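Student: Sequence first, predicted coordinates after that:
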Amino acid sequence: MTARLASALLLVALLAAWEAWCRLSGVPALIVPAPSAVFATLWSEIATGRLWPHLRLTATEMALGLALGCAVGLGTGVLLAEASFLRRLLHPYIVASQVVPKLALGPLFIVWFGFGMTPTVVITALICFFPLMENTLTGLAQVDPSRRELFRMLGAGRLQTLLRLKLPSALPVILAGFRVAVVLALVGAVVGEFIGGRAGLGASIIAAQSVMDSSLMFALFIVITLLGMVFYQAALLTERLLLRHHLKG
């Protein structure tokens, strides 16, 4: 509680210093708006209802891309961990595909999938895919060899060993990758909307930029931050529940 109170007080102090600096220095609001102006704009967006459709769309794109990317990443990680030949064959190409900036692929996705939600979900899924795949590979490779040998001596098949030993043992590492993917999912959703979105928080930032509305851009940054924190806290809660069940098992 003391640390949380100190953190809240630090935030209040930073906002107060920001407000004082904007008022005393005479910096134009176009460059850096005061927090009071940002929160007034944010309240106006909430009260008029303009914010909610964009927030729902970005949250939906984030959730769909996260689910798709994590599902494919988990499945690919398990497949490559269990098939060493496929790992040696495909892993270099997977890594090569990930070093290509997703922002550069955006125009191509628009050609393939058109404008709207689909290219944004695809970009988000691609960004979320790699952390979960790598953590799954790492977690499955770190299973205690003596425990694997025990399962072999007891006559457990490959699938039984995977489901009853490897995946439960690798669960903490996999969930760590999931937390990273949650953070990157919001980045993917917003970046996808920058490129080809007609609605959503990212598209709203581009629209605010076109009319030089700095207060609205800062207000949208706050909303994006809060959305990311909600998803991240949900991921932490999910991790605690799964690990608690894992430890009891």
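Tutor: Cool, got the structure.

Student: From the structure, what's the count of residues near L241?
Tutor: 10 (other CB atoms under 10 Å). The C-beta positions use only the backbone N, C-alpha and C, and glycine is treated the same way.

Student: Kindly apply the preceding question to V183 instead.
Tutor: Neighbours of V183 under the rule other CB under 10 Å: 15.

Student: Repeat that for H54.
Tutor: Neighbours of H54 (other CB under 10 Å): 22.

Student: is it true that it touches G200?
Tutor: Yes: H54 lies in contact with G200 (CB atoms under 8 Å); the separation is 5.3 Å.

Student: Distance check, the residue lying farthest from the centre of the chain against T161.
Tutor: Centroid-distance maximum for the chain: M153 at 41.3 Å, with CA atoms, centre = their mean. Between M153 and T161 the distance, using CB to CB, to the nearest Å, works out to 11 Å.

Student: Enumerate every residue touching the residue farthest from the centre of the chain.
Tutor: Counting by CB atoms under 8 Å, 6 or more residues apart in numbering, M153 touches no other residue.

Student: Tell me the spacing between it and V78.
Tutor: 23 Å.

Student: what's the answer for L242, then?
Tutor: L242 is 17 Å from V78, by CB to CB.

Student: Looking at those two, which is more packed in?
Tutor: Shown here are L242 and V78; by other CB under 10 Å, V78 has more neighbours (19 against 15).

Student: isn't that one right next to T136, touching?
Tutor: Yes: assessed by CB under 8 Å, V78 is found in contact with T136 at 6.1 Å.

Student: for the chain, which spans come out with low pLDDT?
Tutor: The chain contains residues with pLDDT under 70 at 1, 245-249.

Student: May I ask you to name the longest helix in it?
Tutor: Secondary structure assigned by DSSP state H gives helix 214-248 as the longest helix of the chain.

Student: Buried ones in it, by neighbour count?
Tutor: 214-220, 223-224, 227-228, 231, 235, 239 (16 or more other CB atoms under 10 Å).

Student: TSV for the residues you listed, including distance to S204?
Tutor: Output for the buried residues of helix 214-248, formatted as TSV (distance: CB to CB, whole Å):
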residue	distance to S204
S214	14
S215	13
L216	8
M217	9
F218	12
A219	9
L220	6
V223	9
I224	10
L227	13
G228	16
F231	19
A235	25
E239	31
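
Student: how about A199, secondary structure?
Tutor: Put simply, A199 is coil when judged by DSSP: H, G, I helix; E, B strand; the rest coil.

Student: quick one, phi psi at it?
Tutor: Backbone torsions for A199, taken as degrees, to the nearest 10, come to phi -150, psi 170.
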